[in-house]
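1. sharing a model that was predicted from the sequence below.
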Amino acid sequence: MTIRKTTLLGLFTALSLAIYAIESAIPPLVPIPGIKLGLANIITLLLLRHATAKDAILVLAARVLLSALLFGQSLSLLYSLAGGFCSLSVMVLVMKLLQKKLLFLTGAMGGLTHNLGQLAVAYLITKTKGVLAYLPFLILSGILTGIFTGLCASFAGRYLAFLLPASFKDPD
């Protein structure tokens, strides 16, 4: 990996961490645990479209680990890892199927699977079927917030397209 690419991935990690920190300071939209916009996912979507899945994995892992260290508790690390990597796995598949088009659909699938991954961890930790009562709310919110972040990533990508593709190519 070149110094330029490493620097860009570091900048995208810092940007996603800053977005996460700002979003964490915003009061919850609804009084249901686990529902938030997931704006840091915009960076993941941009990397999936303009860079590689490996780049997105590196930035996501760094963001999850640093955000748990700086803002969370050890338990939040489990939820974030489960949700983040479930989401990323599905988004990689959807991006391949859609040929890196329709980011709002990719975001919707990512938001949905992020919430399902977190709910699965909550069920495994608590061993309480009652957490499954959140399922309809988390499905709906995951899809809606995923569409929103996908649209934001599409919008941002139009203005960053001149920078992103060329920046991630190694010079010959």
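-> Happy to help now that I have it. Residues are numbered from 1 along each chain as shown.
2. show me where pLDDT drops low in the protein?
-> 161-172 (pLDDT under 70).
3. let's go with 50 and repeat that
-> In the predicted model of the chain, residues 172 satisfy pLDDT under 50.
4. nearest residue to the middle of it?
-> The C-alpha lying nearest the average C-alpha coordinate of the chain belongs to N41 (CA atoms, centre = their mean; 3.0 Å).
5. that residue: what's it in contact with?
-> Applying CB atoms under 8 Å, 6 or more residues apart in numbering to N41 gives the contacts S87, G107, G110, G111, H114, G146, T149, A153. C-betas here are computed from N, CA, C, even on glycine.
6. among these, which pair sits farthest apart?
-> Using CB to CB, the contacts of N41 span at most 14.6 Å, a distance reached by H114 and A153.
7. and the strands in this protein?
-> Counting by DSSP state E, the chain forms no strands at all.
8. so where do the helices sit in it?
-> In the chain, the helices defined using DSSP state H lie at 3-25, 41-50, 53-71, 74-97, 103-126, 135-160, 164-167.
9. show me what the fourth one is packed up against.
-> Judged by 3 or more CB pairs under 8 Å, 6 or more residues apart in numbering; DSSP states H and E, the packing partners of helix 74-97 are helix 41-50, helix 53-71, helix 103-126.
10. the same query, at a cut-off of 10 Å, please.
-> helix 41-50, helix 53-71, helix 103-126, helix 135-160 (3 or more CB pairs under 10 Å, 6 or more residues apart in numbering; DSSP states H and E).
11. and the ones you listed, which is most packed in?
-> The highest mean neighbour count among the helices and strands packed on helix 74-97, using mean count of other CB atoms under 10 Å, belongs to helix 41-50: a mean of 25.
12. and the angle from it to helix 103-126?
-> Orientation of helix 41-50 against helix 103-126 (axes from the mean of the first three to the mean of the last three CA atoms, to 10 degrees) gives an angle of 120 degrees.
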